[in-house]
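> Turn this into a structure:
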Amino acid sequence: DKDQDLSGQLSEIYAELQAIDADKAPAKASVILAGLGFTPEMQRRATKEFSGGWRMRIALARALFSQPDLLLLDEPTNMLDMKAIIWLENYLMGWPTTLLVNFLTTRGERLKNQHREYESQMQFRAHVQEFIDKFRYNAKRASLVQSKIKMLEKLPVLKPVEKETTVTFRLPETEKLSPPILQLDEVDFAYSTDRLVFKKVDISASMESRICIVGENGAGKTTLLKILLGELEPTKGHRFCHRSLRIAYFTQHHVDQLDMRLSPVSLLQSKFPGKNVEEYRRQLGAFGVSGDLALQQLASLSGGQKSRVAFSIMCMGNPNFFILDEPTNHLDIETIEALGVAINNFKGGVVLVSHDERLIRMVCTELWVCGNQTVKCVEGGFDEYRSIVEKEIETSL
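Numbers count the residues shown, from 1 in each chain. Predicted coordinates:
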């Protein structure tokens, strides 16, 4: 009897293992991890060895691997490079169960949701008030009425939803410069003798340039920006920069470094003293930071609002060339579009690193791909790059 019970239990376990394709689990895990950018060597490493960004990828891989009946993904493309985003989009196209993905919402959708919430709260309060008015003088209900009155008093004051003004970005007016403007000739770069990042890179940018740099994480995109900026010296080769070029550099690190105790107006005053308050307000207003927002503590602003403050600081020096490293982080769809319109209207050059397809398609006229110690221009733009990546993904599976 005991043997039969054990045999029955074993049969059930085998049946369950078969149902979940346990024999295929390592291969399935490997496919997901590879799609999210993990090399075979990385897949064998302990989780604690990875940075926060890579751990986010591991958490996403785990969610995909477990294949739940309902998968909820909240802005899953944060921390992913373009290749991983393209892989994820294709992978989710064949998702067999229910899938809810929260990407960026538009301001219109947010306002609609906030208005719905306001109406619902007002109805609830009116319903409670109706109960209080009806039974206020009923002795049997006195204690219940008192508790309802106290509950209403504790609720926060509700303000009707105000329509937000349209966000606009106004980049500074600038004069044309005669070429060459910014170029790298036969540039090699290495952090150490055994860590070569680039070999024989030849690239140039003009005042008409709208260049987007893409590539996998770790391919050297930010390193390339720092060489263009002059922050890193080429190990070999030359960097040429026009003597009248004023480069403004935007990175998320600059946003994180803002003094959160100050208001946007006070911050501009501390960095560019000697101007009147109206001038600081005008500068902030050019990036949608106006009214009370300009006087609030930075700590109380959203990520997107802080980015706009950083943009206004960056433009105080009246730059004629922008180098932007992931400028769309924390920005909503309308603000990304406003940034795209501003870049297109700008009379100077722009080089940006981005994984935001909307912005790339809006502004990009040249696409540079970092990888294998080189920087190559893709003639067919984003569509060509996407098909190259999809072929690479196919051959690696």
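> and the next element down the chain from the helix or strand bottoming out on mean pLDDT in the chain?
Lowest on mean pLDDT, DSSP states H and E among the helices and strands of the chain sits strand 98-102, with a mean of 67. Downstream of strand 98-102, the next assigned helix or strand under DSSP states H and E is helix 107-135.
> Would you mind pulling up the elements that the helix or strand following that following helix packs against?
Using DSSP H and E, the helix or strand that follows helix 107-135 in sequence is helix 142-154. Secondary-structure packing of helix 142-154 (3 or more CB pairs under 8 Å, 6 or more residues apart in numbering; DSSP states H and E): helix 107-135. To be clear about C-beta, it is placed using only N, CA and C from the backbone, and glycine gets the same treatment.
> If we go by neighbour counts, what in the helix it packs on is buried?
I132 (16 or more other CB atoms under 10 Å).
> go on, stretch 71-86?
Of all the residues in stretch 71-86, those buried under the rule 16+ other CB under 10 Å are L71, L73, P76, T77, M79, L80, D81, M82, K83, A84, I85, I86.
> Return stretch 72-91 as CSV; C-alpha atoms alone will do.
Output in CSV follows, covering the C-alpha atoms of stretch 72-91 (Å, rounded to 0.1, in the frame of the first residue of the first chain):
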residue,chain,number,x,y,z
LEU,A,72,1.1,43.3,-15.2
LEU,A,73,4.1,45.3,-16.5
ASP,A,74,4.6,48.9,-15.3
GLU,A,75,6.8,50.8,-17.8
PRO,A,76,8.9,47.7,-18.5
THR,A,77,11.2,49.4,-21.0
ASN,A,78,12.9,51.6,-18.3
MET,A,79,16.5,50.4,-18.0
LEU,A,80,16.4,48.5,-21.3
ASP,A,81,18.5,49.4,-24.3
MET,A,82,17.0,49.5,-27.8
LYS,A,83,17.9,45.9,-28.7
ALA,A,84,16.3,44.6,-25.5
ILE,A,85,13.2,46.7,-26.1
ILE,A,86,12.8,45.4,-29.7
TRP,A,87,13.2,41.8,-28.4
LEU,A,88,10.6,42.4,-25.6
GLU,A,89,8.1,43.9,-28.0
ASN,A,90,8.4,40.8,-30.3
TYR,A,91,8.3,38.4,-27.4
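> for the record, mean pLDDT for it?
Computed over stretch 72-91, the mean pLDDT rounds to 83.
> try stretch 25-43
87.
> what's the answer for stretch 205-223, then?
Rounded mean pLDDT across stretch 205-223 is 90.
> Could you do stretch 324-340 as well?
Across stretch 324-340, pLDDT averages out at 85.
> Kindly reformat the buried residues of stretch 71-86 as TSV containing secondary structure.
As requested, these are exported to TSV (DSSP: H, G, I helix; E, B strand; the rest coil):
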residue	secondary structure
L71	strand
L73	strand
P76	coil
T77	coil
M79	coil
L80	coil
D81	coil
M82	helix
K83	helix
A84	helix
I85	helix
I86	helix
